[in-house]
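1. build me a model:
(one chain, ligands or ions: 1)
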Amino acid sequence: MFMIDLSTFKAMTTYKNSHKNSQKLFEKAKAVIPGGVNSPVRAFKAVGGNPIFIQKAKGSKIFDVDGNSYIDYVLSWGPLILGHAHPRVVKALKAAIEKGTSYGAPTPLEIELANLVLKAYPSMDKVRMVNSGTEATMSAIRVARGFSKRDAIVKFEGCYHGHADGLLVRAGSGATTFGVPDSLGVPKSYAKNTITLPFNDSNALKALINKEWKKISCIILEPVVGNIGCVLPKPGFLETLRSLTKKYGIILIFDEVMTGFRVSYGGAQEFYKIKPDMTCLGKVIGGGLPVGAYGGKKEIMSMVSPEGPVYQAGTLSGNPLAMTAGIETLKLLSEKGVYKRLQYLSSMLEKGLIDAAKRAKVTTRFYRAGTMFCTYFTDRDVFDYKTAKTSDTAKFSRFFSGMLRRGINLAPSQFEAGFMSLAHTEKDIEKTVRAAYSSFKEC
Ligand code: HOZ
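-> Numbering: from 1, shown residues only. Here you go, the predicted model:
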């Protein structure tokens, strides 16, 4: 049985006393917002305790309303690859805001960001900007269905593609965290067109496609699954997927909302050298403002209204502020040495965390793809939903709490990825590893 020692108990009491404002705000929030939060995982339900309410953020750090600071590995769930409030992004945004916040009409900025994205993702000939990852995947699937004239879609267990109805089937992220991978409120008639398969299982994939290919419009996946931690594709899995989808005329959609510009500048498709037919992006290309995008081959994207018959629209799509933050972020990311530095920092963290767990005698499995990472508390190799679920979430919760008390902010769920930024320093990582050793000891 797990027992806390006196010093941990004292530390927990001190933590409580130094988070009184957050606690008060959470009570107020619960009275007016469902669960007190605007997105479920933020409520800390999976790890216990109350969420910290944030006052401000700068570089690698966030600061809560009680004046505590944390080294941040959540980074707004991924977009802030340059760190919080990067001076160049802030400067560009200040200039942009003077010119108005939204026009609902085309701007030169949209063309500039589209060109930056297309240059980085040569699998796409055209791209449409939307406001979130959810919108991107939902729209891409509509286009894929319109193009193929087939209704069924295939997704993989634990992959999370936002919260559109047909995609909340065996979904990861908060849906897995709270044990509702199939959400109430999704009519059976929507979900019946969604077929799920285990990630990394090439045999199950072959069997399904051989039998059902005539029905299947598209297969969508996170090429690295960031919504059940960080699950890497096994060698050959993405290649099999590409060759089978090509053979049977099924559209292959890479959801690179998380992996885009994170696994490498050209995303997982560049890293694993696989060209999907369509790609969904988000997070990084908005530089911290709400943006999503979907794109693909010319013949597929010409289906999109007003060029074609598939309807999709949005008042805030291509919003000038979001475009500005995205452009500045991508320009900075394409400067020399940026990914080398990100790789160096991420691998330093990886080595440190693996070593800290070993020294603390805690069995873990650590996975990383570029700047995304996850530690699982299991002795099993993690390669799909089932194996991710073998992680001891009670141990994760104790680790999470220990880290937070020591000033390190991790995602409050085992089933989310951690993220590195350019603003993190060697000192930050050394502090993180020291905190990890002590927190592992408390698991
Ligand atoms: N489920 C989202 C990340 N995988 C988190 C959204 C949020 O709370 O901001």
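
2. and whichever residue of the stretch 151-300 of the chain sits closest to the ligand, what pLDDT?
-> Per CB to the nearest ligand atom, S173 is where the stretch 151-300 of the chain lies closest to the ligand, at 3.8 Å. Yep, even glycine has a C-beta here, placed from its N, CA and C like the rest. Looking at S173, its pLDDT stands at 79.

3. what segments of the stretch 1-150 of the chain are helices?
-> Using DSSP state H, counting those that start in this stretch, the helices of the stretch 1-150 of the chain run over residues 6-17, 20-32, 87-97, 108-120, 133-148.

4. which of those helices sits closest to the ligand?
-> Of the helices of the stretch 1-150 of the chain, nearest to the ligand by CB to the nearest ligand atom is helix 133-148, at 8.7 Å.

5. for R398, which of the helices of the stretch 1-150 of the chain is the nearest?
-> helix 6-17 (9.1 Å; CB to CB).

6. what helices or strands is that closest one leaning on?
-> Judged by 3 or more CB pairs under 8 Å, 6 or more residues apart in numbering; DSSP states H and E, helix 6-17 is in contact with helix 393-405.

7. enumerate every residue touching the closest residue to T101 other than its chain neighbours.
-> Among residues not flanking T101 along the chain, L321 sits closest, at 6.1 Å (CB to CB, 6 or more residues apart in numbering). Each residue near L321 by CB atoms under 8 Å, 6 or more residues apart in numbering is listed here: L93, A96, I97, T101, S102, L289.

8. list buried members of those by neighbour count.
-> L93, A96, L289 (16 or more other CB atoms under 10 Å).

9. can you put those in JSON lines and add pLDDT?
-> Converted to JSON lines, the buried ones among the contacts of L321 look like this (pLDDT from 0 to 100):
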{"residue": "L93", "pLDDT": "98"}
{"residue": "A96", "pLDDT": "98"}
{"residue": "L289", "pLDDT": "97"}
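
10. all strands for the protein, in order.
-> For the chain, the strands defined by DSSP state E cover 54-58, 61-64, 69-72, 126-130, 152-156, 194-197, 216-221, 251-255, 278-281, 292-296, 365-369, 372-376, 408-409, 418-419.

11. what's in contact with the third one?
-> In other words, strand 69-72. 52, 57, 60-64, 84, 404, 407-409, 424, 428, 431-432.

12. got the buried residues for it?
-> Neighbour-count burial for strand 69-72, counted by 16+ other CB under 10 Å, picks out Y70, I71, D72.

13. do the same with stretch 88-108
-> So, applying 16+ other CB under 10 Å, buried residues of stretch 88-108: V89, A92, L93, A96, T107.
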